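*Asks:* What follows is a predicted structure for the sequence shown.
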Amino acid sequence: MPKADINKAGWEQSEFPILCETCLGSNPFIRMSKQEFGRSCGTCARPFTVFRWNPGEGARYKTTVICQTCAKVKNVCQTCLLDLEYGLPTQVRDTALGVVSEAPTSDINREYYAQNMEAKMEGGQKTGLQLKGTSVAGKEMLKQLARSDPYYKRNRPHICSFYLKGECNRGDDCPYRHEQPPENAASSSSSSSGPAGQSAQQSIQDRYHGTNDAVAKRLLTSYADTQGLALPADTSITSLFITSLPQNATEASVRTAIVKSIPSLDLQKIKSVVHVAKSRCAFANFKDRESAELAAVAWAPGFEVDGQKVIVKWGRSRPPKAPSNAEAVTAVAS
């Protein structure tokens, strides 16, 4: 590399983007503009080649937002950041397959990590996703949630905010949609194929790393409901009941299975694991409701202890405590 280009070490050049079929569009004669080092990657911050195109008639222009290295590491589209195989948010896929991202989420070392991953892939080494994504039950879950056909409605222009306020005066020349959002927009945006409404409001970092993804949470919660793990209305319930344990299961083996099945869970969030050998059951108690919900979602595709599939249910609400004699006397006196 010439001495004048020393500052461009690690910058990415490419001839064609990595896109899902939906973002590419239905137009077989698509034309793209290309700008080398047009912007910095939304995840690793390295400058990369930016592509811009119109996916079809009546669609909005789309552009790539992350570099190809980051897209390959996560196997996602450079534009919508959805998984290329299943068309699902990364949080859904990683939860189903039990994959934990090793990439730094802060600005520190992001570029260094991307360069290392690029060198590994060029050397024929597999990424963490390829090495760990082997859960049969998780893959079955992803097949059920995935959309097999492209969802071109996701490419439509956004709704005009000025039109909603009654202030848009551009008429047919307005590049945005002039229509009222449907009443069930929130529920429809939770489908596996149409997360554009909410994902457009997320940061690229959160969508890419699968953290605080509202669309993914709705998908995972919906799937848990179909598997008999619907969230109980009582938010004080933070325990899960595990039955049909193997005969030789122990408290240690149950705890080990719990930790392995939820790799993204902070171990400090597990309050206790109570094993009842005689009844071949156990209680997994968590310190907060969020951790319990994470466990329920992770176990929805299936949970195994010592190689045997077990049954998981939410715990029950605790009955209200009977008032003490002093409290009862006070209540009567009042």
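*Replies:* Received it, and whenever you're ready, just let me know what you need. Numbering: from 1, shown residues only.

*Asks:* pretty sure Glu36 belongs to a helix, no?
*Replies:* No - using DSSP: H, G, I helix; E, B strand; the rest coil, the assignment for Glu36 is strand, not a helix.

*Asks:* surely it meets Phe51?
*Replies:* No - counting by CB atoms under 8 Å, Glu36 sits too far from Phe51 to count as a contact (10.5 Å). In this view, the C-beta of every residue, glycine as well, is placed from N, C-alpha and C.

*Asks:* So between the two, which is more surrounded?
*Replies:* Phe51 (21 against 12; other CB atoms under 10 Å).

*Asks:* My read is that that one contacts Met32, right?
*Replies:* Yes - using CB under 8 Å, Phe51 is in contact with Met32, at 5.1 Å.

*Asks:* the domain parsing of this protein - what is it?
*Replies:* Domains of the chain are assigned by automatic domain parsing as 1-226, 228-314.

*Asks:* Which of these has the lowest mean pLDDT?
*Replies:* Ranked by mean pLDDT, the domains of the chain bottom out at domain 1-226, which scores a mean of 80.

*Asks:* how far does it sit from the chain's center?
*Replies:* 11 Å (CA atoms, centre = their mean, to the nearest Å).

*Asks:* again with stretch 302-312
*Replies:* Taking mean C-alpha positions (CA atoms, centre = their mean), stretch 302-312 and its chain are 24 Å apart.

*Asks:* Give me the number of neighbouring residues for Met117.
*Replies:* 20.

*Asks:* Repeat that for the one 5 residues further on.
*Replies:* Taking other CB under 10 Å as the criterion, the count of residues near Glu122 is 9.

*Asks:* tell me the contacts of it?
*Replies:* Residues near Glu122 by CB atoms under 8 Å, 6 or more residues apart in numbering: none.

*Asks:* The spatially most central residue of the chain - nearest residue in space that isn't next to it in sequence?
*Replies:* Geometric centre of the chain, nearest residue: Gln91, 1.8 Å, by CA atoms, centre = their mean. The shortest distance from Gln91 to any non-neighbouring residue, by CB to CB, 6 or more residues apart in numbering, is to Gly210 (3.2 Å).

*Asks:* picking up where we left off before, next structured bit after the host helix or strand of the residue nearest to the centre of the chain?
*Replies:* Here Gln91 sits within helix 90-97, counting by DSSP states H and E. As assigned by DSSP H and E, the chain's next helix or strand after helix 90-97 is helix 110-122.

*Asks:* May I see the buried residues of that next one?
*Replies:* Arg110, Glu111, Tyr113, Ala114, Gln115, Met117, Glu118 (16 or more other CB atoms under 10 Å).

*Asks:* can you pull out the strands in the stretch 51-200 of the chain?
*Replies:* Taking DSSP state E, counting those that start in this stretch, the strands of the stretch 51-200 of the chain run over residues 62-63.

*Asks:* List the contacts of the closest residue to Asp94 other than its chain neighbours.
*Replies:* Spatial nearest neighbour of Asp94, excluding adjacent residues (CB to CB, 6+ apart): Gly210 at 5.3 Å. Listed by CB under 8 Å, 6+ apart, the contact partners of Gly210 are Pro89, Thr90, Gln91, Val92, Arg93, Asp94, Thr95, Ser101, Ala216.

*Asks:* Which one of those is nearest to Tyr223?
*Replies:* Nearest to Tyr223 among these, counting by CB to CB, is Val92 at 8.4 Å.

*Asks:* Could you report the distance from the closest one to Pro232?
*Replies:* 22 Å (CB to CB, to the nearest Å).

*Asks:* Between these two, which has more neighbouring residues?
*Replies:* Using other CB under 10 Å as the criterion, Val92 and Pro232 rank with Val92 on top: 29 against 15.

*Asks:* I'd say that one and Leu142 touch.
*Replies:* Yes - contact criterion CB under 8 Å: Val92 and Leu142 qualify, at 7.4 Å.

*Asks:* what ranges do the helices span in the stretch 151-300 of the chain?
*Replies:* 161-164, 185-188, 196-199, 204-209, 214-226, 251-261, 289-299 (DSSP state H, counting those that start in this stretch).

*Asks:* which parts of the fifth one are buried?
*Replies:* Translated: helix 214-226. For helix 214-226, the neighbour count (16+ other CB under 10 Å) marks Ala214, Val215, Ala216, Lys217, Arg218, Leu219, Leu220, Thr221, Ser222, Tyr223, Ala224 as buried.
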